[in-house]
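Novice: Model the structure of this input:
(chains A and B)
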Protein chains: 2
Amino acid sequence: MQLNGRSRIGYELGTETDDRFRAVNPATGADLEPDFFGATDVEVKCAADLAGQAFESYSQTSAADRAAFLRAAARNIEQLGETLVERAVSETGLGADRIRSERGRTANQLRMFASLIEDGTWVDARIDLPDPERKPLPKPDVRSMLRPLGPVVVFGASNFPLAFSVAGGDTASALAAGNPVVVKAHNAHPGTAELVANAVLDAARECGMPEGVFSVVFGAGSRVGTALVQHPAIKAGGFTGSRTAGRKLVEVANNRPEPIPFYAEMSSTNPVFVLPGALRERGEQIAAGLHGSFTLGAGQFCTKPGMVFIEAGDATKRFAENVSKLVSGGSSYILLTKTIHSSYESGLQERVRTSEALAQGPAAAAGFGACATVFNTDADSFIGNSELAAELFGPSTVLVSYRTREQLLAIARSLEGQLTATIHATEQDLEDYADLVAVLEQKVGRIVVNGFPTGVEVGHAMVHGGPHPATSDSRTTSVGSRAILRFARPVCYQGFPDAALPPELQDANPLGVWRMIDGKLSREAVERNRVAQKA
Amino acid sequence: MQLNGRSRIGYELGTETDDRFRAVNPATGADLEPDFFGATDVEVKCAADLAGQAFESYSQTSAADRAAFLRAAARNIEQLGETLVERAVSETGLGADRIRSERGRTANQLRMFASLIEDGTWVDARIDLPDPERKPLPKPDVRSMLRPLGPVVVFGASNFPLAFSVAGGDTASALAAGNPVVVKAHNAHPGTAELVANAVLDAARECGMPEGVFSVVFGAGSRVGTALVQHPAIKAGGFTGSRTAGRKLVEVANNRPEPIPFYAEMSSTNPVFVLPGALRERGEQIAAGLHGSFTLGAGQFCTKPGMVFIEAGDATKRFAENVSKLVSGGSSYILLTKTIHSSYESGLQERVRTSEALAQGPAAAAGFGACATVFNTDADSFIGNSELAAELFGPSTVLVSYRTREQLLAIARSLEGQLTATIHATEQDLEDYADLVAVLEQKVGRIVVNGFPTGVEVGHAMVHGGPHPATSDSRTTSVGSRAILRFARPVCYQGFPDAALPPELQDANPLGVWRMIDGKLSREAVERNRVAQKA
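Specialist: Okay, the predicted model is just below:
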């Protein structure tokens, strides 16, 4: 397949501009053909305007039509076959198996949101029936449900070239809810972005979706992304990336004349607590799992466990030795981009000042190669050096030994907001440390017991979110079906005749969704004159 | 009952400080005894710190215990009897009947949230069952539910001395979700605030709630409120008031090292569209309803209909005459505060420059008296003078005649975000103007057909919210049971043994809540080993 490097503005191609850039192969450091062209200011404006125009009709499409669109996009992405895999591997340095599995996840996410909107219950339909006999005033008929927010800007993420990029979770959930999407493609994998953009746009055309329902713009630097967040037609944003970039975009969103919600998933160090009983029972197994988790995907997951708290003692020494052995005898790693590579290298340099490098893995031959590294320190040093609690993107973690229960709780209380916390514990440990669990509940979006935080399940119950600075909005998740709630708001219809209501709120419940009728969940039809009839 | 004018810091009284102020009787302009004392900086900090400490235990209380606390608070407020009514009347100029009815609403809100948490389904419990046999990796057990955000600061509102103040909707929903509350009492009704604070604190003590679960601080100006929003223990805020004050507090919340959600309900002009069929059929009735609605509570409701769009013609002339007659022959009004009074007076002065004052009602003898006023203008003038679309708090509205359907749609598209829009229409009108309804759906939180926006029903389906600048967060409502969602966030529990889970997520479903099990709603127990058993 031939790439042309041009933005997709609605159903049209963008122009070839002077703002050129290329992808780089992280395994070699070499440029990849062809040139990609940053969208002009006019093209960016046009993409947002088209999205605004498309919203009036797209927001009124049936859930069935939107589901068909999402399913067609999933199928088209799968049909890109090895062309997509090869390009994504060459742009990211990730293995072909990982890319194939991420492609599967991406298609499944699109289909999960298709099923969710076909089911229809997600809209939280509520009906408070009228009572014309009520004194002193009659009670009106009040109904409400979630409706789409408006056009959404989505920023592709470097570490998920498919599942969190052009047709990733943010795009899928925004489109499912009834919002047009403008994607700012990530500069690190523009060819992957172009291939997926074509697949989604073909699906939109096939399904008769209005022009502007989906656009993808390229652009190195922050100009294009900032302009999109500032455009008045845009009503929300989704982002996964660094804390610096995320906070800047949130600020732009807050400083608009009409501020908009901007969902930034920013950074997390994902503490692991290895409690005494579990350490005694299966320390070796936990060490192996930890090594697998912090080196998975070259340690470039938002949920990478970056700090491990463990009671000082002989068992902990053995634990540290086990992890060290796995690191020394492990693989070399390739990082995604030059920036991530140099941050990782300088982060390692920084870290040896405050903690001991216990072991380092082999170096990669070329490109953005990185060595896995495990550090060791104690609780006092950890508390005194806040940079040890900061995210270091790449295959590294730090073991922190504590001496007392109070020290452990003090550390937990001092933590910033996190996506996850992990506890390795026996049932007895969990009882003994119930107060630790209560503290962590306030700090994180997801608590994992006796597992590892990487490998986020895409389901209905998943929460991939957490208090600031893990994300900009702790009330939300960017993974799982709850993610659709980010792009919707309740709208209330009072005194409407049945024919003017959305189908989810009509008396007969033609879509068969679950609704809250006078406070109780039901799939039954309602009779709006029931009170009058009783009287 | 003796008032002492001191803040309530947990279960202790604040000090008598030099920062004194008094309530004013709007009907006379005279000061009311006693002095009230602004909380010191240390007292404000102490209230927030106590709330932070209380959160660890209060967030772990059972829903049944919190419900008992809310019911006790409702009962104690009712038992304040005429003492409360007299003080509230003297501080607000509102009638005794209105205050009694607002007291009823306040108690009912507390009881509605008590019932909601007793029912328990609001927590959106979700369970994705495990599958140990899944390839290539076993599927973990993933469960999630809404948990409280943390201590909430609530700002009392001038126009609802009970239902949106110390124990109003924000307080009730925040406490119900499991969050301690610190109230910044409104300076216009501090005596009312003190009485209600005592009622809530007595309930907290009776029910064994931790100290700090509820505090009320006084303070003229913005010092006390700003300090509360900035305090690190505070995790969310609720506010109803002016756009200027609301935006300032949102900015403070956004600029914290850890930004927090701040729900500000700010301003709304609540457009009314009288469509041609309805005007012909029942213009006189609509005129009477409109007059009742924009003068209700002296026009000091957030949902007051402040602009009315109506097709130019003879029927519209008659409509304007009918409204004018009702205004001229109507009552005089007392406004809540000196500030509201002077804003209303200067707003009227401003408005006569761009529109015609059709009629004015009688003037009040003393105090903060105000005349009801109806203005008239045409669509061109309305579009050219944006101040006509701004909220003017008080008993006034503007009739805007348009000539074409396109003009009407252009006006609708140009509107800022609103709490409500109202359409008077026959069923034929609604069909003919379906595009108007689609535009309004994007602009407002609630669309009312053939009714009036004032008199907001407190129920499950109500939405009292809307796009900026009506509120700071269009995804939320401050009235109705959905308001509780503002003060909660999803937390995920992966791989937890049953005993360590909150009861809502335990296998046996001991609280009998509705849960989403693998994507389907159910009240059944779950068997987590079901897959293993099948195999």
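Novice: who touches the residue lying closest to A:R405 once chain neighbours are set aside in this structure?
Specialist: Counting by CB to CB, 6 or more residues apart in numbering or on different chains, A:Y433 is the residue found nearest to A:R405 once chain neighbours are left out, at 8.0 Å. For glycine as for every other residue, the C-beta is placed from the backbone atoms N, C-alpha and C. Neighbouring residues of A:Y433 by CB atoms under 8 Å, 6 or more residues apart in numbering or on different chains: A:F273, A:L275, A:R405, A:I423, A:A425.
Novice: so what's the second one up against?
Specialist: The reference is to A:L275. A:L275 makes contact with A:E311, A:I423, A:H424, A:A425, A:T426, A:D429, A:L430, A:D432, A:Y433, according to CB under 8 Å, 6+ apart.
Novice: Of those, which count as buried by neighbour count?
Specialist: Neighbour counting with 16 or more other CB atoms under 10 Å in any protein chain shown marks A:E311, A:I423, A:H424, A:A425, A:T426, A:D429, A:L430, A:Y433 as buried within the contacts of A:L275.
Novice: What about the contacts of A:Y433, which are in helices?
Specialist: Using DSSP state H, the members of the contacts of A:Y433 that fall within helices are A:R405.
Novice: where's the dip in pLDDT among the contacts of A:Y433?
Specialist: Minimum pLDDT across the contacts of A:Y433 is recorded for A:R405, with 94.
Novice: Could you list the buried residues of the host helix or strand of A:D65?
Specialist: A:D65 belongs to helix A:63-79 when assigned by DSSP states H and E. Within helix A:63-79, the residues scored as buried using 16+ other CB under 10 Å are A:63, A:66-77.
Novice: Is it positioned near chain B?
Specialist: No. Helix A:63-79 is not in contact with chain B by CB under 8 Å from any CB of the partner chain; minimum separation 14.5 Å.
Novice: residues in contact with that helix?
Specialist: Contact with helix A:63-79 is made by A:84, A:103, A:106-108, A:110-111, A:113-115, A:117-118, A:120, A:162, A:167, A:172, A:175-176, A:178, A:196, A:198-200, A:202-204, A:206-209, A:511, as judged by CB under 8 Å, 6+ apart.
Novice: Just the CA trace of it, in PDB.
Specialist: In PDB, the C-alpha atoms belonging to helix A:63-79 read as follows (Å, rounded to 0.1, in the frame of the first residue of the first chain):
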ATOM      1  CA  ALA A  63     -27.300   3.400  17.700                       C
ATOM      2  CA  ALA A  64     -27.600   0.600  15.100                       C
ATOM      3  CA  ASP A  65     -26.200   2.800  12.400                       C
ATOM      4  CA  ARG A  66     -23.300   3.900  14.500                       C
ATOM      5  CA  ALA A  67     -22.600   0.300  15.600                       C
ATOM      6  CA  ALA A  68     -22.500  -0.800  11.900                       C
ATOM      7  CA  PHE A  69     -19.900   2.000  11.300                       C
ATOM      8  CA  LEU A  70     -17.700   0.800  14.200                       C
ATOM      9  CA  ARG A  71     -17.900  -2.800  13.100                       C
ATOM     10  CA  ALA A  72     -17.000  -1.800   9.500                       C
ATOM     11  CA  ALA A  73     -14.000   0.100  10.800                       C
ATOM     12  CA  ALA A  74     -12.900  -2.900  12.900                       C
ATOM     13  CA  ARG A  75     -13.100  -5.200   9.800                       C
ATOM     14  CA  ASN A  76     -11.300  -2.800   7.600                       C
ATOM     15  CA  ILE A  77      -8.400  -2.500  10.100                       C
ATOM     16  CA  GLU A  78      -8.100  -6.200  10.300                       C
ATOM     17  CA  GLN A  79      -8.100  -6.400   6.500                       C
END
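Novice: Show the average pLDDT along it.
Specialist: In the prediction, helix A:63-79 has an average pLDDT of 98.
Novice: and what of stretch A:228-243?
Specialist: Stretch A:228-243 carries an average pLDDT of 97.
Novice: Show the end-to-end separation of that stretch, please.
Specialist: Start-to-end span of stretch A:228-243 (CA to CA, to the nearest Å) is 19 Å.
Novice: That one: how far from the chain's middle?
Specialist: Put simply, stretch A:228-243 sits 14 Å off its chain's centre (CA atoms, centre = their mean, to the nearest Å).
Novice: List the buried residues in it.
Specialist: Judged by neighbour count using 16+ other CB under 10 Å, the buried positions of stretch A:228-243 are A:228-231, A:233-243.
Novice: What is the nearest of these to B:A500?
Specialist: Nearest to B:A500 among those, counting by CB to CB, is A:T240 at 30.2 Å.
Novice: Tell me where the stretch 51-200 of chain A has helices.
Specialist: Residue ranges of the helices in the stretch 51-200 of chain A, as given by DSSP state H, counting those that start in this stretch, are A:63-79, A:81-92, A:96-119, A:169-177, A:190-206.
Novice: so which of those helices is the most packed in?
Specialist: The highest average neighbour count among the helices of the stretch 51-200 of chain A, using mean count of other CB atoms under 10 Å in any protein chain shown, belongs to helix A:169-177 at a mean of 30.
Novice: Can you tell me which helices and strands that one packs against?
Specialist: helix A:63-79, helix A:96-119, strand A:152-155, strand A:181-184, strand A:236-240 (3 or more CB pairs under 8 Å, 6 or more residues apart in numbering or on different chains; DSSP states H and E).
Novice: any idea of the angle the strand or helix carrying A:F21 forms with helix A:190-206?
Specialist: Assigned by DSSP H and E, A:F21 falls within strand A:20-24. With axes from the mean of the first three to the mean of the last three CA atoms, to 10 degrees applied, the angle from strand A:20-24 to helix A:190-206 works out at 110 degrees.
Novice: which residues sit against strand A:20-24?
Specialist: Outside strand A:20-24, the residues within contact range by CB under 8 Å, 6+ apart are A:30-38, A:90-91, A:187-191, A:218, A:220, A:337-338.
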